[in-house]
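I would like the atomic coordinates for the input below:
(chains A and B)
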Amino acid sequence: MTENSKTQPQQLDKNYDPLKIEDKWYEFWEESHCFEADPAADGEPFSMVIPPPNVTGSLHMGHALNNIIQDILARYQRQQGRNVLWMPGTDHAGIATQNVVERQLAAEGLGRHDIGRDKFIERVWQWREESGGTILNQLKRLGSSCDWRRERFTMDEGLSKAVREVFVTLYEEGLIYQGDYIINWCPRCHTALSDLEVEFEEHDNGKLWDLEYPLADGGGSIIVSTTRPETMLGDTAVAVNGEDERYRHLVGKEVMLPLMDRRIPIIADEYVDREFGSGAVKITPAHDANDFEVGLRHKLEIIKIMDEKGSMNENAGAYVGLTREECRERVVADLQKLGLLPATKDYQHNVGHCYRCRTIIEPYLSNQWFVKIKPMADQALAAVREGKTRIIPKNWEKTYFNWMENIRDWCISRQIWWGHRIPAWYCDACGKMIVAREDPDCCPHCSSPNLRQETDVLDTWFSSGLWPFSTMGWPESTATLKKYYPTSVLVTGFDILFFWVARMMMMGLKCMDEVPFKDVYIHALVRDEHGHKMSKSRGNVIDPLIIIDKYGADALRFTLASSAAQGRDVSLSEARISGYRNFVNKLWNAARFTLMNLEDFSPDTVIEKSNLSLAERWISYRLNQTIGEVTVALDEYRFNDAAQALYQFTWHEFCDWYLELAKPDLFQNEDAGRRKTAQAVLYRTLDQIVRLLHPIMPFVCEEIWQTLPQVTGAPESIMQTVFPKVAAEFDDALAAHEMAQLMEVITAIRNIRGEMNLSPGQRLAAVISGTDEDTINVLNNSSDCIANLARLTSLTIAKNAVRPPQSAVGLAAGLEIFVPLAGLVDFAQEGARLAKELKKTEKEFAGVSNKLNNQKFLAKAPPEIIEKEQGKHQELSLKLEKLRVNIKTLEQVTES
RNA sequence: GGGCGGGUAGCUCAGUUGGGAGAGCACCGGCCUUACAAGCCGGGGGUCACAGGUUCAAGCCCUGUUCCGCCUACCA
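Next comes the predicted model:
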C-alpha cells in the first residue's frame, strides 16, 4: 500500500468479489506481523491455544466454526489493545495417523511388520512432512490470525520433552502404575483403548442365548444367559446371588462346562441380579470387566481364550484358530447338538466399537499402564467449583462434574508404533524396570547393558493434555509462559470435553499448579439445515473450502457467527450463507456509495455537534448503541447477538435510512458546510462500522478500510485500529424519538402507495394534519426528507389541516396523513385498507382496555407499566376515532 | 437406567432479570428511484407442543404429559 493509495479515495467494483482480495490481505497481515505475539510488548495478555487438529484431518465445518470463533476473539481483543497470542499447531493423532500410513503400505502390499518399527515411523514422518500442513493451510483460508511462527506439533522435540517430564514425574509420585486389567481392546488396531475411545451403538440384531450347564454330580443343571456365547470356553465359574433361594443349595457345587469338559464351581456373589434372566451368570474373568472383578474376589482361575487379533488361541480347545465370529457360530451349533441351548431370543443391547476403525471392541485382559486419576480429578473439580475456570455455557459444568466424579483410572498405553514411546526400560539381567528422563545406557541396578525399552506408546491425549503449557516451552521457564499462561479462554466443542478439556485441567493443575484457562467456551455442533449431523454417508456435508470459493470467507464467517447461539447446535444451509453473502455485498455497496461522495473530503474534518441534522444525530446515537451492544455481546461470547446487532444497524438503519436521508445533503452544492458535515458523518459512521465488523468479516472490512481515506497517523491495517468506543457526546435520545416519528410518517405514506398499487414513479402530494406543536415542528424541519423518501411533489404540514377531497388516510405518530388520490385509483381499495386498519386497531384497543379495566392490575402492577398502558390507551382511542371519521367521510364521497 | 437440550411464522432459528410475539429465507403485490435486482418499497402469516398451577400479568417461573435429539451407564 502506497501512502497515496491510502489517502486518495478509490473506486470499487460494482460487485464484491472475495476471491480477488482474500489472499492479498492475508499475505499482507502476515507480512505486517499482525498475528505475532510478543511477550515483551505492552498490553494485558489475551491468549488461546488452538484445539490442535489431527495432522490427518481436512477442514470441515466443525473446524470452521471453532476457528472462526477464536479468530473473532483474537481480532476483537487486539483491537481492544490486548497483547494477543493465538497458538497454533497439530496433533500427531496416534491411531488415526498410523492407520493412514498403514493403508498406504497396504496399497504396496506391505504390512507394518514387514518393514519394522523404525522404518515405519520414518514413513509416518515422511507422510507428515508431505501432507501434515494441509489442515493448517486450510485454516488460513478462513482468516485465522494465529501466530504461525509458533506452530507446534505434539510429536516435536520440545513437546516430547514435556511428555517425558510429565510421565516420569507422575511415575515417581506413584500416579502412574502398570498392571493386568481388563481393558478395551481393538482386535484390528491391535491396541488397548481408553474408555472414552469406545463408542457404544445399539445393536437390535443381537441375541441372548440361554446355555444349560449340567451339574458335575449329575443332579440336574443350571441355566445361564449370555450375549457372547463364545466366551463360555473361558468360563471358570457360575455365579448366583447368595440371597437367591432358588440356587442357595447349589453354591459350592460344581458344573461341568460343556464343550470343554472342565469342572467349574458355583459361587455366590452380590454382583448377580436375581431378577435378570435365570439369575445365574457365567463368569469369564479374562474377557469381561465385571467377571474379572468377580474372579479377583473369588480367586478364580483366569483363562484367556483369544489372541490379540480376536482369534481363538490354544486354550479354546477344538476351536483354536477360529475368529471370534466363527467360534460363536460353532459353539452355538455344538451346544444345540448337545441339547444344551434351551432358548435363544432377540435382544437389543449396546456394543462397543473402536472410535477409529469401527471394529467391535473386545474386553481383554492385558498388561497396561494407567494413570491414577482420582487425586488429579479432585483438583480439577475444585478448580471449576471455585470458579477459577468458568465453563460457558454454564450447564456444561454439571456434565463436567458428573464425569469427573465418576472417573476411572486412565489407560494410557497403546500397542501401536506412532506416538510417544513410554520411557520405561526392562533389564533382562536383573529383571528390574527403569523409568527415566534420559535414555539409560545400562541398568542402574546391575549395570547390565541389556535393556529393552517398553514398546508401548502413550495415548495421544496424554500429550494433548499438556498442550496449553507444552506449546509455550514448558518445562523450560519461558517468557511466553510467564506472559500468556494461564490462557484466557479455550474454545472447543463439547465432544472433546472429557477427552481433552478435562485432561488439560488435570495436567495443567498438576504441572503448572494453575488452571490452564480462565474460561472454557463450549460451542455447538454444526449440522445440516434439518438438524442432522453432517456425514459423508448422508451426503449432506457442506465443505467450507467450497463455500469459501463460492461465497467468500467473510460470508461463511458471518453465517457461523450469527448462527452460534449459546448452547444450541448450528443448522447450516447454503441458502443461509448466500443470504449473508448478500450482506457482505450490501456493505460493499454502501462503501462504494460513500467513496463516490468523498472525493473532496478530508478525513481529519472535525464534526461540530451543533451542525448535525436530525438524521445525523440519530445515526450517531444508534451507532453508539450498537457499539455498546456489540461490545457486551463479544465480551460474553454471544456471537449471534453481536452479528445480529451489526446486521440490523448496517443494513436496515445505515443503508436503508441514513444513506437515503444523506443523499440530498451530499448531492447539493449550495450549502458547502452542510455537505461537509454530511460527508464527515458518513465517513465516520462507515469507518466505525467496518471496524466493528472486522472481527467477524476481516477481509472485506480491510479492503474497504484501506480504500477509504485515512486520518493522519492511521495504522497500516484495520487490524491495528482501535475497536469503536461509545462516544457519550453523541447520545441523543431526543433525536431517536423524533426520528422515529419521521420514519413512522414516511412508512405510512409508503404504505398507502403500496396498498394502492401506486408505482414509485407516480409522484404524490400529501397533507399532514396534527395537533401537537412539537411534532409538527419536527416534521416541518424535515419536510424535504419526507418528500424525498416518500416521493412527494408537495407536502403541507399544518395544525388541523383540512382533508383534501378523495384522499387516502394514514395514521402515524398521532397525525393524520392525507394523500389525495383523485383520478389515480379505484377508491374502493381505500375503504378496504381502512377497514383492515380499523380491525387491527380495535383488537389492540380491546386488549389495552381490558387491562385498564382490571382493578387488580391497577392495584398491583408497577406505576410505570400502568402509565404506559394508559398512554397506549389514549393513543389508540384517538386513532380509532380518526379512523372511524375517515371511513365515514370515505363512504359519503363514494356514495356521491 | 441416569442426565442434558429442544418443540415459537411454510423452513432454519432468535427471544438475558415475567409487562407491546421477532429475524433471515420462502411467499404475495409494486418497482431497473443515478451504491447495491446479490437490490428497493409495501404486505400476508403464529391458541409460542399439550394439560394444569403461581401471578394483576407467562413464550419466559413451577408440576405433569407427549414427541424429537444428544450425552452417559458393568445388568449377563
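
alpha carbons only for contacts and neighbour counts from here, please
OK.

contacts for stretch A:354-365?
Outside stretch A:354-365, the residues within contact range by C-alpha atoms under 8 Å, 6 or more residues apart in numbering are A:95-96, A:180-189, A:193, A:197-199, A:286-289, A:304, A:310, A:351-353.

go again using 6 Å as the cut-off
Defining contact as C-alpha atoms under 6 Å, 6 or more residues apart in numbering, one finds that stretch A:354-365 is touched by A:181-186, A:197-199, A:286-288, A:352-353.

Pull the most distant pair out of those.
Within the contacts of stretch A:354-365, A:Glu199 and A:Ala286 form the most distant pair, 21.4 Å apart (C-alpha to C-alpha).

Just want to know which of the two has more residues nearby.
Comparing A:Glu199 with A:Ala286 by neighbour count (other C-alpha atoms under 10 Å), the higher total belongs to A:Ala286, at 26 against 16.

and the more buried one, that's in a helix?
No: going by DSSP: H, G, I helix; E, B strand; the rest coil, the assignment for A:Ala286 is coil, not a helix.

these two touch, right, it and A:Glu301?
No: the criterion here is C-alpha atoms under 6 Å, and A:Ala286 misses it with A:Glu301 at 9.1 Å.

Assign A:Met256 to helix, strand or coil.
Per three-state DSSP, A:Met256 ends up strand.

Report the beta-bridge partners for it.
Beta bridges link A:Met256 to A:Arg263, judged by DSSP bridges.

Counting neighbours, what do you get for it?
18.

neighbours around whatever residue of the stretch 101-250 of chain A ends up closest to RNA strand B, how many?
Closest approach between the stretch 101-250 of chain A and RNA strand B, counting by C-alpha to the nearest atom of the strand: A:Thr226, at 3.7 Å. Here the number of neighbours of A:Thr226 (other C-alpha under 10 Å) works out to 17.

List the residues that contact it.
A:208-209.

The closest residue to RNA strand B within the stretch 351-500 of chain A: how many residues sit nearby?
In the stretch 351-500 of chain A, the residue found nearest to RNA strand B is A:Asn395; the distance is 5.8 Å by C-alpha to the nearest atom of the strand. Look at A:Asn395: counted by other C-alpha under 10 Å, it has 10 neighbours.

cool, the one 5 residues further on as well?
Around A:Tyr400 sit 18 other residues, with neighbours defined as other C-alpha under 10 Å.

And the strands in the stretch 651-800 of chain A?
A:764-770, A:792-799 (DSSP state E, counting those that start in this stretch).

closest to RNA strand B out of those?
Closest among these, using C-alpha to the nearest atom of the strand: strand A:792-799, at 11.7 Å.

just checking, what packs against whatever helix or strand comes next after that closest one?
Using DSSP states H and E, the helix or strand that follows strand A:792-799 in sequence is strand A:807-812. Judged by 3 or more C-alpha pairs under 6 Å, 6 or more residues apart in numbering; DSSP states H and E, strand A:807-812 is in contact with helix A:733-755, strand A:815-820.

Could you dump those into CSV and include mean neighbour count?
Putting those into CSV (neighbours: other C-alpha atoms under 10 Å) gives the following:
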stretch, mean neighbour count
helix A:733-755, 18
strand A:815-820, 24
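
Which one, of the ones you listed, ends up nearest to RNA strand B?
Per C-alpha to the nearest atom of the strand, nearest to RNA strand B of the helices and strands packed on strand A:807-812: helix A:733-755, 4.0 Å.

Which secondary structure elements does that closest one sit against?
Looks like helix A:733-755 contacts strand A:807-812 (3+ C-alpha pairs under 6 Å, 6+ apart).

partner strands of the strand it packs on, parallel or antiparallel?
strand A:815-820 (antiparallel).

Check the secondary structure at A:Pro363 for me.
Applying three-state DSSP: A:Pro363 is strand.

residues near it, how many?
A:Pro363, neighbours per other C-alpha under 10 Å, totals 18.

and it, what pLDDT?
A:Pro363 carries a pLDDT value of 91.

cool, the one 3 residues further on as well?
pLDDT, A:Ser366: 90.

Could I get the full set of helices for the stretch 651-800 of chain A?
For the stretch 651-800 of chain A, the helices defined by DSSP state H, counting those that start in this stretch cover A:660-667, A:672-693, A:698-707, A:733-755, A:773-781, A:783-790.

What strand or helix carries the residue lying closest to A:Thr97 once chain neighbours are set aside?
For A:Thr97, ignoring the flanking residues on the chain, the nearest one in space by C-alpha to C-alpha, 6 or more residues apart in numbering is A:Thr56 at 6.1 Å. Per DSSP H and E: A:Thr56 is located in neither a helix nor a strand.

What separation do you get for A:Thr56 and A:Ile182?
Taking C-alpha to C-alpha, to the nearest Å as the measure, A:Thr56 falls 30 Å from A:Ile182.

cool, A:Arg421 as well?
22 Å.

Could you list the contact residues of the stretch 301-450 of chain A toward RNA strand B?
For the stretch 301-450 of chain A, the residues in contact with RNA strand B (C-alpha under 7 Å from any atom of the strand) are A:349-350, A:395, A:398-399.

and the two most separated of the residues you listed?
Between any two of those (C-alpha to C-alpha), the greatest distance is 29.6 Å, for A:His349 and A:Asn395.

Which residues does the residue nearest to the spatial centre of chain A form beta bridges with?
The residue lying closest to the centre of chain A (C-alpha atoms, centre = their mean) is A:His523, at 3.0 Å. Bridge pairing for A:His523 (DSSP bridges) gives the partners A:Gly493.
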